[in-house]
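> Make a model of this:
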Amino acid sequence: MAIQFIADGLAMCLSFVAAMWLRQDSLAFLGNPHLFLALVPAIPVALLVLHGLGFYRAVIRYIVVRALKSVLLAALASGGTLALTAQFLALPIPFSVSVMYAILAFLTVGSSRYVFREAAYQTQNPYRERVVIYGAGAAGRQLVQTLRQGTDYLPIAFLDDDPRTHGTMVAGFRVHPPEKIDQLIRNNSVTSVLLAIPSASKARRSEVLKWLEQFPLHLRTVPGLHDIVTGVARIDELNEVAIEDLLGRDPVPPREDLLGANITGKSVLVTGAGGSIGSELCRQILRQRPHRLVLLDISEPALYDIEQELGLIRAHEKQAVEIAAVLGSVQNRGLLERTMRRFGVQTVYHAAAYKHVPLVEHNIAEGLRNNVHGTRVAVEAAVTCGVEAFILISTDKAVRPANIMGASKRLAEMVCQALSRAPHVRTRISMVRFGNVLGSSGSVIPLFRRQIAAGGPITVTHPEITRFFMTIPEAAQLVIQAGAMAQGGDVFVLDMGEPLRITELAAQMARLHGLKAVLVSESTPVGPGEIGIVFTRLRPGEKLYEELLIGNSPQATAHPRILTTTELHPSLAEIVRLLELLDSACNRSDIAAIRRLLVEAQTDYLPYCDVVDHFGTEAATADPDAERPASESKRLTVIAGGTPRP
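Numbers count the residues shown, from 1 in each chain. The predicted structure follows:
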């Protein structure tokens with residue numbers, strides 16, 4: 001502060017000399033030292049004003065434009081004091097000198113701070129990453145100001161699509177057309193591009209990213225406009241480019257009447273509420289203002305996390321929705337019926353399932369129990385308790401399944417289809433089938449990110465493997481709308497777009513990190529700027545291609561991305577008999593019998609891999625007395641036959 005006081009005092013002295021010289025066009029006034037008496041009160045007044053306004057408490061390297069207001073007020077006060085002093089002491093100082101002095105003092109004192117700030121900025125970490133910002137709009141300008149305060153990134157220039165901005169200066173940096181990126185890389189050693197176009201559509205973001213992929217650059221992005229406006233994220237939060245941006249698919253605006261039909265003002269239960277799809281369903285259901293939202297999950301940590309998150313959303317949006325977290329398994333019939341009655345459940349979204357294909361292949365009996373028996377228990381409880389709508393979350397792996405997980409989900413669909421056609425069943429039962437969701441716990445995306453962060457290699461099971469992908473929010477939104485269109489027994493299929501080759505997906509993710517993906521073996525070294533892709537082998541039960549339709553006659557619905565299909569299924573009596581046999585085989589851990597029953601059923605299950613179940617050889621030692629009572633498997637018949645419900 002002492003140094004600033006002295007420097008500003010000297011700057012004001014020089015401003016006075018310059019003002020007198022400009023006015024008289026001569027330095028003869030220097031021979032009259034009495035003239036400088038006018039500065040005796042003028043300079044202290046300026047310094048006191050600056051001190052009183054907190055100017056000297058500001059850290060120079062972080063000084064902002066509004067500090068100039070303090071300098072302006074101090075210069076005006078000092079100029080006025082100079083004029084009054086000259087008049088009071090009858091000094092030969094024209095009034096115009098006081099005006100020029102105030103202007104020059106403002107310029108010298110104010111500009112000195114920005115010179116110091118720039119010097120401090122240039123002497124920061126010399127190893128900062130040199131970046132170009134794509135987007136010279138408001139987000140880009142704000143991002144530059146933020147980066148200048150940090151020590152990690154050194155902005156070099158802007159890129160922008162708007163030809164009207166080309167050649168202009170924004171926040172001190174030139175705006176170039178995108179075609180100049182190659183020149184900027186060569187001449188300025190640019191290593192990264194920061195995408196600052198939060199308001200652009202996903203289709204446009206996808207075009208930009210795919211064009212930038214050809215250059216050896218690490219791509220990062222600022223959050224989307226919605227996240228910034230709602231306070232979920234800040235403009236200066238730089239993230240890795242989400243793989244969703246590469247899909248280039250903008251979501252279709254939802255129909256509000258469908259979103260709220262099964263939810264608004266109602267009591268809604270979500271099973272598997274802590275999972276990837278279940279948790280997103282809960283978030284979107286909460287925004288439709290149900291009367292009550294009941295969360296059911298067997299995982300205590302997952303249930304706790306989603307309950308806490310929903311509580312924060314509820315408080316932020318000032319909602320009065322009751323949230324109840326129920327810990328337990330969907331296989332517990334008593335718990336489900338008590339839950340539905342206690343909370344007056346009117347709509348059920350059944351998302352609870354074991355979904356990891358290899359894990360279910362190693363634990364076949366438990367996979368079937370959870371996915372098939374759990375669905376049967378849940379839908380029976382819904383029918384018994386008079387629930388209005390029951391929506392099963394299914395998967396594309398249920399179509400011509402090659403693994404136990406897919407077969408179990410197809411069988412769960414068949415249970416729901418058969419029960420929906422039974423007499424005296426008033427619950428609207430429907431199923432929604434879709435493919436992989438990006439970022440879920442079982443998705444390849446998190447795995448690839450971890451492998452890239454570790455330096456590789458990226459492992460892909462087969463060079464030709466493809467998958468359908470959809471974002472979790474879009475999938476959940478479409479599930480809610482599909483369930484609202486159900487009449488009973490409907491199978492809805494979500495439009496997933498075109499399937500993606502997993503190999504190309506891995507290569508794209510590598511390019512987004514500025515790396516070139518090369519095919520190698522596990523022991524092959526890779527060069528600088530490269531990362532290896534290693535092909536392993538298909539895991540047990542894994543298919544090369546997934547499908548969404550069993551038949552070839554999908555029908556359009558009121559929503560352009562939701563199709564419906566009519567599929568054949570066994571009668572309720574056949575389903576009951578099959579479930580009895582499967583239940584018995586599961587209790588014996590008789591994996592051969594389980595696979596045979598699934599092949600003989602109308603699931604289209606066709607296994608092509610050997611048995612890898614951990615307990616597949618224990619059928620001989622299984623306890624036959626451990627089987628469930630026969631009354632359990634007859635429950636469907638009781639409900640379907642119209643006799644009094646238990």
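
> Check the separation of the first and last residues in stretch 188-208.
This stretch, stretch 188-208, spans 21 Å end to end (C-alpha to C-alpha, to the nearest Å).

> Give me the buried stretch members for that stretch, please.
Going by neighbour count (16 or more other C-beta atoms under 10 Å), the buried part of stretch 188-208 is 190, 192-198, 200, 202, 205-206, 208. Placement of C-beta: from N, CA and C, glycine included.

> pLDDT below threshold where in the protein?
Applying pLDDT under 70 to the chain picks out residues 56-66, 117-127, 149-151, 223-239, 241-251, 439-442, 522-523, 548-552, 617-646.

> Map the structural domains onto the sequence of it.
Following automatic domain parsing, one gets these domains for the chain: 2-122, 129-247, 256-438+469-498+546-565.

> farthest-separated two in the buried residues of stretch 188-208?
Val190 and Lys202 (25.5 Å; C-beta to C-beta).

> pretty sure Ala86 is touching Gly80, no?
No - the criterion here is C-beta atoms under 8 Å, and Ala86 misses it with Gly80 at 10.9 Å.

> Which one of the buried residues of stretch 188-208 is nearest to Gln284?
Lys202 (18.4 Å).

> In terms of distance to Ala136, which of the buried residues of stretch 188-208 ranks first?
Checking these one by one against Ala136 (C-beta to C-beta), the nearest turns out to be Ala196, at 8.3 Å.

> contacting residues for the closest one?
Ile133, Tyr134, Gly135, Gly137, Ala139, Gly140, Leu143, Thr221, Val222 (C-beta atoms under 8 Å, 6 or more residues apart in numbering).

> In strands, which of those appear?
Ile133, Tyr134, Thr221 (DSSP state E).

> Tell me the most packed of those, by neighbour count.
Comparing the ones in strands among the contacts of Ala196 by number of neighbours (other C-beta atoms under 10 Å), Ile133 comes first, having 29 neighbours.

> That residue contacts Leu194, doesn't it?
Yes - here Ile133 reaches Leu194: they are 5.0 Å apart, a contact under C-beta under 8 Å.

> okay, and the common contacts of the two?
In contact with both Ile133 and Leu194: Leu143, using C-beta under 8 Å, 6+ apart.

> related to what we said a few turns ago, output the ones in strands among the contacts of Ala196 as a markdown table; include the columns distance to Leu303.
Below are those laid out as a markdown table (distance: C-beta to C-beta, whole Å):
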| residue | distance to Leu303 |
| --- | --- |
| Ile133 | 42 |
| Tyr134 | 41 |
| Thr221 | 32 |
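
> which two in the contacts of Ala196 are spaced the farthest apart?
Applying C-beta to C-beta across those, the maximum distance is between Gly137 and Thr221, 14.0 Å.

> same for the helix or strand Met431 falls within, what does it pack against?
Applying DSSP states H and E as the criterion places Met431 in strand 428-433. Counting contacts by 3 or more C-beta pairs under 8 Å, 6 or more residues apart in numbering; DSSP states H and E, strand 428-433 is packed against strand 389-393, helix 404-420, helix 472-484, strand 490-494.

> give me the number of residues near Phe116?
Phe116, neighbours per other C-beta under 10 Å, totals 15.

> Tell me how far it lies from Ala7.
Phe116 is 9 Å from Ala7, where distance means C-beta to C-beta, to the nearest Å.

> Kindly report the same for Ala418.
Separation of Ala418 from Ala7 (C-beta to C-beta) stands at 87 Å.

> just Val99 next, same as before
When distance is defined by C-beta to C-beta, Val99 is 23 Å away from Ala7.

> the more surrounded of the two?
Comparing Val99 with Ala7 by neighbour count (other C-beta under 10 Å), the higher total belongs to Val99, at 17 against 14.

> Among the buried residues of stretch 188-208, which lie within helices?
Counted as lying in helices by DSSP state H, out of these, are Lys202, Arg205, Ser206, Val208.

> Closest one to Ser408 out of the residues you listed, please.
Out of these, the member with the shortest distance to Ser408 (by C-beta to C-beta) is Lys202, at 33.9 Å.

> quick one: the closest one and Ile531, what's the gap?
26 Å.
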